[in-house]
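Trainee: Turn this into a structure:
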Amino acid sequence: MTASSTGSPGSPRSQAERLPNWLRPSIGTASQISTVQQIIKKHQIHTICEEGRCPNRAECYAQQTATFLLMGPVCTRSCGFCQVDKGHAPQPLDPQEPQKVADAVRLLNLKYVVLTSVARDDLPDQGVGWFVATMEAIREVNPETQIEVLTPDFYGETARIATLVAAKPVCYNHNLETVRRLQGPVRRGAKYERSLLVLQTVKALDPAIATKSGLMLGLGETEAEILETLADLRAVGCDRLTLGQYLRPSLQHLPVEKYWTPAEFDRLGAIARQIGFRQVRSGPLVRSSYHAGAQD
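Mentor: The predicted model follows:
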């Protein structure tokens, strides 16, 4: 096959299409993967690794790490790229979830944790308080654990963002996901400028907190549009960046328009560093929390 595919967002593609050889994820041992999966299952919690079918989950499980998905596995939004279940009737919050996550962090002896969530537009605070409660529970049992948050946009409301900033995550991550032109079909319910505002607000409230965002490539964006987006992120003080290849979860999701090569990812990563991003993860299998705790 070629490095790119044809079609427009929503057009059908063959499930039998083969991926380029550089998109084969690494494999961890069965025992290492099983250890993490058993802890997750025992505590009845969720990870974006499983719900989102992350291509790096074998590697991360082998390292006994996971990104925890808060507030259940059902999202109130319906983005065109995401594998997480969608619906307008998500489950009630599990009052024990913050403690369950904290216990899992202790059992896995994690030094760096990423907390993310589905969008919960049905909740009065859209889940901000749940992030804070989980952070407090983790710090109670593992006070040295560093915590990164990867949040929805909370509709850009300053008070909600301020509540989470006051809880002092080491990094506040909010993904743009794609370039300005493709926001509509890709991020239903979200807005490009609003997401930039989230990151800008975090920096205004506490400049010491690192901010981070990520893009999926392969949805039809051009290199010029990618570079424009990187400039927009730097303009609001974004410190960290992830660039990864979009992989279509099913025929019901948006098609892949192009498979960007490892060399192209390397070049874009180098440009991102040149324009001032302090930490850059750029590669076909990179995802939002890939090697998030590494210091560089």
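Trainee: which residues of this protein fall in strands?
Mentor: For the chain, the strands defined by DSSP state E occupy 46-47, 67-70, 74-75, 85-86, 112-117, 146-150, 171-173, 210-217, 240-245, 279-282.
Trainee: In this protein, mark out all the helices, start to finish.
Mentor: In the chain, the helices defined using DSSP state H lie at 30-42, 48-51, 57-62, 97-108, 128-141, 158-166, 183-186, 192-205, 223-235, 262-274.
Trainee: Give me the mean pLDDT for the first one.
Mentor: For helix 30-42, the mean pLDDT works out to 66.
Trainee: Could you give the bridge partners of the nearest residue to Arg240 once chain neighbours are set aside?
Mentor: Nearest residue to Arg240 in three dimensions, chain neighbours excluded: Lys212, at 3.7 Å (CB to CB, 6 or more residues apart in numbering). Just so you know, the C-beta spots here come from the backbone N, C-alpha and C atoms, and that holds for glycine as well. The partner list for Lys212 in beta bridges (DSSP bridges) reads Asn173, Arg240.
Trainee: Next up, the contacts around Leu230.
Mentor: Applying CB atoms under 8 Å, 6 or more residues apart in numbering to Leu230 gives the contacts Leu241, Ile271, Ala272, Ile275, Phe277.
Trainee: can you pull the pLDDT of it?
Mentor: Reported pLDDT for Leu230: 98.
Trainee: can I assume Asn175 is in contact with Leu199?
Mentor: No: look at Asn175 against Leu199 with CB atoms under 8 Å: they stay out of range, at 10.0 Å.
Trainee: Looking at those two, which is more packed in?
Mentor: Shown here are Asn175 and Leu199; by other CB atoms under 10 Å, Leu199 has more neighbours (26 against 22).
Trainee: ok, so what distance separates Val149 from Arg187?
Mentor: The gap separating Val149 from Arg187 is 19 Å, by CB to CB, to the nearest Å.
Trainee: who has more neighbours, the two?
Mentor: For Val149 versus Arg187, the count of surrounding residues by other CB under 10 Å is larger for Val149: 27 against 21.
Trainee: Skipping adjacent residues, who's closest to that one in space?
Mentor: Leaving aside its chain neighbours, Val149 sits nearest to Pro169 (4.6 Å; criterion: CB to CB, 6+ apart).
Trainee: circling back: check contacts around the residue nearest to Arg240.
Mentor: Glu148, Cys171, Tyr172, Asn173, His174, Cys238, Asp239, Arg240, Leu241, Thr242, Gln279.
Trainee: do the same with Leu93
Mentor: Counted by CB under 8 Å, 6+ apart, Leu93 has contacts Met71, Gly72, Leu123, Trp130.
Trainee: Return the residues in contact with the second one.
Mentor: With contacts defined as CB under 8 Å, 6+ apart, Gly72 is in contact with His46, Pro90, Gln91, Leu93, Asp94, Val118.
Trainee: go on, Thr134?
Mentor: Applying CB under 8 Å, 6+ apart, the residues near Thr134 are Phe68, Leu70, Glu97, Pro98, Val101, Ala102, Leu115.
Trainee: Does the fourth one touch Trp130 like I think?
Mentor: Yes: using CB under 8 Å, Pro98 is in contact with Trp130, at 7.3 Å.
Trainee: on that earlier part again, please produce TSV containing the contacts of Thr134, extended by pLDDT.
Mentor: Listed next are the contacts of Thr134 as TSV, based on pLDDT from 0 to 100:
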residue	pLDDT
Phe68	89
Leu70	91
Glu97	94
Pro98	96
Val101	94
Ala102	95
Leu115	96
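Trainee: Grab the two from these that are most spread out in space.
Mentor: Leu70 and Ala102 (11.9 Å; CB to CB).
Trainee: between the contacts of Gly72, which is nearest Lys111?
Mentor: His46 (21.4 Å).
Trainee: Which pair of the contacts of Gly72 spans the longest distance?
Mentor: Farthest pair in the contacts of Gly72, by CB to CB: Asp94 and Val118, 13.2 Å.
Trainee: And these two? Which one has more around it.
Mentor: Shown here are Asp94 and Val118; by other CB under 10 Å, Val118 has more neighbours (25 against 16).
Trainee: quick one: low-confidence ranges for the stretch 51-200 of the chain?
Mentor: 51-65, 74-89 (pLDDT under 70).
Trainee: give me every residue that touches the residue lying closest to Thr222 once chain neighbours are set aside.
Mentor: Nearest residue to Thr222, sequence neighbours excluded (CB to CB, 6+ apart): Val179, at 7.9 Å. For Val179, the contact set (CB under 8 Å, 6+ apart) comprises Leu215, Glu221, Thr222, Glu225, Ile226, Glu228, Thr229.
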